[in-house]
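Enquirer: show me how the following folds:
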Amino acid sequence: MTNTVQETLDLVKGSLAQASDSIAKSITTGTGLVAYDLQAPAKNLYPVNTPLRNKIPRIGGGTGTATNWRAVQAILGSGYDAMGWVAEGQRSGRMSYTTANKSASYVTLGEEDQATYEAINAGRSFEDIQARMTMRLLQKTMLKEEMAILGGNASLALGTPTTPTLSASGSGATLPALTYSVIVVALTLEGYRTYVGSGSSIVTGIPTSQTITGADGNTFVLNGGSSMKSAAATQAVTLGQTLFASTPAVVGAAAYAWFTGAAGAEKLEKITTINSVTFTAPLAGTGQAATAITADRSRNANYAFDGLLTSAFNAGSGAYVNTLATGTAGTGTVLTASGRGSVNEIDVMLQTMWDNYQVSPSVLYVNSKELKNITNKVLSNASGPLLRYEQGADNNYNLAASGTISSYYNPFAMGGGIKIPVQIHPSLPAGTIIGWAENLPEQYQSNEVPNVAEMKVRQDYYQIDWPLRTRSREVGVYCEETLAVYAPFAMGVINNIANG
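Expert: Numbering: from 1, shown residues only. Model prediction:
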């Protein structure tokens, strides 16, 4: 029997070897009898860009519920503070101090995932499912931490925006004739990033609050970063006119959500990063209803720490904050060229920070739009003679098209000025520029305050492999920390910048 089977197989192989044989012609790749070329492991096609987390020092040793420090903010001389004269043989008066008690509460950041035993077993020889899961958990925790460092908000409530100011004018627009009602809601940076980063639309709407169900079945509520809605304003519009709306800028707002429609039926129509908007075309009418906004949900006092932006915006911080004027509704106020190769608004920020505190940013963080706008202001006909062209030793003239600035020179610093790197931050919205001094200059007692800000860590990243309760491996990655901003005056913010 065995010989017969072998003889049959030999005959089949011989037949298939003949190109003219009809059997060979009938077997093709379409039958599915082919190998599957799967490259291992899975390709991680998502960005993990955390520049602030990477730069800010992580200091361990945190204990209790908060880290506390006492700041000596000024030393005041006796008599006239600027005069040190003393009469012969007499003693000077006693100096005094300006001090403040500061604290920052520890909070927890984290993320969880799970992998079933079937997934773990099926992934053998492809990738280590458990190891990769932990790596991705750590990466996601770091991304959330980066957002917290930049825009975390525990203390700054946006409140209720002022009732919008409306007008209608012009011709050529296609907005139907109607008496329109407009309501505005301000968004923190967290609220804006939650909207744009999660693929939200006007239909799903801006974040208000969300009940989070943990892997343990317990729940907690996170506020999404939106203010209370403003009162409604109305404006009659005839066909052809453009509807203009603006509201006074809200301290701490990174964007504004505009609800428009007939009175009582306002729907979310646009999100802007300046405090005004225009409507020229028929409304979508499918957006989130303004009635969904019922309270100020802009901060998480019990769960968050204040990020760099919030620390700068807070009253009494000493940080330089310039919210550009509203300007023409829908157009706003743009950065302006100095005519000497710089930007007026940035120059004023740098000079003010020096005049008030003798500090200079060591980096400027911008959005991609602001990088382009700054470049356009700097590379003007007026500034052309002031630009420097550097030629290599090989005498080759290598030119690159569509160049941008990489640094900004600050003359207002000890030692004749410094070059400040200009860097894109992936989470910074259009319309905002942050100047940040990573370290205090030498004229400060930097041995006592080595860092302008640091991550004070009670427990750095740790992994929890939860006990088995189902046929799944459950893993959590957490850290317990706070952002301690010792010198908020070493930050500068320019916001409400229009594109152009």
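
Enquirer: tell me how many other residues surround residue 243.
Expert: 25 (other CB atoms under 10 Å). C-beta here means a position set from N, CA and C on the backbone, and glycine is covered the same way.

Enquirer: burial count for the closest residue to it other than its chain neighbours?
Expert: In space, residue 243 comes closest to residue 279 once its chain neighbours are excluded; the distance is 4.2 Å by CB to CB, 6 or more residues apart in numbering. Using other CB under 10 Å, residue 279 has 22 neighbouring residues.

Enquirer: how close does residue 279 sit to residue 272?
Expert: 11 Å (CB to CB, to the nearest Å).

Enquirer: and the pLDDT for residue 96?
Expert: At residue 96, the model reports a pLDDT of 93.

Enquirer: which residues touch it?
Expert: With contact set as CB atoms under 8 Å, 6 or more residues apart in numbering, residue 96 has these partners: 75-76, 78.

Enquirer: contacts only, for the residue most central in space within the chain.
Expert: By CA atoms, centre = their mean, the mean C-alpha position of the chain lies nearest to residue 427, the distance being 2.8 Å. Taking CB under 8 Å, 6+ apart, we find residue 427 in contact with 146-147, 150-151, 189, 193, 197.

Enquirer: tell me the bridge partners for residue 276.
Expert: In this entry, residue 276 is beta-bridged to residue 246, by DSSP bridges.

Enquirer: now for it: which residues touch it?
Expert: So residue 276 contacts 244-247, 326-332 (CB under 8 Å, 6+ apart).

Enquirer: distance of it from residue 362?
Expert: 33 Å.

Enquirer: ditto for residue 426
Expert: Taken as CB to CB, the span from residue 426 to residue 362 is 19 Å.

Enquirer: hang on, the earlier thing: what sits in contact with each of residue 279 and residue 272?
Expert: Joint contacts of residue 279 and residue 272 (CB under 8 Å, 6+ apart) do not exist.

Enquirer: hmm, back to that, ranking the contacts of residue 96 by neighbours, who comes first?
Expert: Going by other CB under 10 Å, residue 78 tops the contacts of residue 96 with 14 neighbours.

Enquirer: in the stretch 351-500 of the chain, where is pLDDT below threshold?
Expert: 381-403, 446-448, 450 (pLDDT under 70).

Enquirer: and what of the stretch 51-200 of the chain?
Expert: In the stretch 51-200 of the chain (pLDDT under 70), the answer is 198.

Enquirer: following the longest helix along the chain in sequence, what is the next regular element?
Expert: Looking across the chain with DSSP state H, the single longest helix is helix 129-151. Moving toward the C-terminus from helix 129-151, the first helix or strand encountered (DSSP states H and E) is strand 165-169.

Enquirer: partner strands of that following strand, parallel or antiparallel?
Expert: Partners of strand 165-169 in its sheet, by DSSP bridges: strand 242-246 (antiparallel).

Enquirer: how far away from the center of its chain is the strand it pairs with?
Expert: In terms of CA atoms, centre = their mean, to the nearest Å, the centre of strand 242-246 is set 28 Å apart from its chain centre.
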